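Q: Sequence and computational prediction follow.
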Amino acid sequence: MTDDYKGQPLELATTIEYSAGSVVSKTLLNKKAGTLTLFAFDAGQGLSEHTSPYDATVMILDGEAELVIGGEIVAARTGELVIMPANVPHDVRAKERFKMLLIMIREKTS
């Protein structure tokens, strides 16, 4: 968890850099209520299929991503946002380099 990014404007696409053959992540905010995490994917990289107990929102900051949500391919490019529903298998693929902001908001439990 970091406080480095509080109280200042961020140019999200330049806050994280690409790394050859890798997926780079940088947590901007990590709270009980949820997280904000930047990712930079090199071409050919991805995150394998998984599920989340919460909706996962992806904002594409640079390039184009291929998301597979419940077996359906969803292409998203710079400036687009995709909400992946809770408990539905999904994965993320980089046919070309791209950057995204992952927004996870956890539901309040009583």
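A: Perfect, I can see it now. Just so it is clear, the structure is predicted and the values come from calculations on it, not from any experiment.

Q: moving C-terminal of the longest strand that the chain contains, what's the next helix or strand?
A: Secondary structure of the chain read by DSSP state E shows that its longest strand is strand 56-69. Next helix or strand after strand 56-69 toward the C-terminus (DSSP states H and E): strand 72-77.

Q: Report the mean confidence score over that following strand.
A: Strand 72-77 carries an average pLDDT of 97.

Q: Can you pull out the residues in contact with the helix or strand following it?
A: Scanning forward in sequence from strand 72-77 by DSSP H and E, the next helix or strand is strand 81-84. Contact with strand 81-84 is made by Ser52, Asp55, Ala56, Thr57, Val58, Met59, Ile60, Leu67, Ile69, Val74, Ala76, His90, as judged by CB atoms under 8 Å, 6 or more residues apart in numbering. All C-beta spots, glycine's among them, are computed from the backbone N, C-alpha and C.

Q: How far does strand 81-84 sit from its chain's centre?
A: The gap between where strand 81-84 is centred and where its chain is centred comes out at 10 Å by CA atoms, centre = their mean, to the nearest Å.

Q: Give the buried residues for that strand.
A: Val82, Met84 (16 or more other CB atoms under 10 Å).

Q: With stretch 45-56 instead?
A: Those would be Gln45, Gly46, Leu47, Ser52, Asp55, Ala56, for stretch 45-56 by 16+ other CB under 10 Å.

Q: Checking the third one next. Helix, strand or coil?
A: Three-state assignment for Leu47 (DSSP: H, G, I helix; E, B strand; the rest coil): strand.

Q: if we can go back for a sec, dump the contacts of strand 81-84 into JSON lines; add distance to Phe98 as well.
A: Output for the contacts of strand 81-84, formatted as JSON lines (distance: CB to CB, whole Å):
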{"residue": "Ser52", "distance to Phe98": "20"}
{"residue": "Asp55", "distance to Phe98": "21"}
{"residue": "Ala56", "distance to Phe98": "16"}
{"residue": "Thr57", "distance to Phe98": "16"}
{"residue": "Val58", "distance to Phe98": "10"}
{"residue": "Met59", "distance to Phe98": "11"}
{"residue": "Ile60", "distance to Phe98": "6"}
{"residue": "Leu67", "distance to Phe98": "11"}
{"residue": "Ile69", "distance to Phe98": "16"}
{"residue": "Val74", "distance to Phe98": "13"}
{"residue": "Ala76", "distance to Phe98": "9"}
{"residue": "His90", "distance to Phe98": "16"}
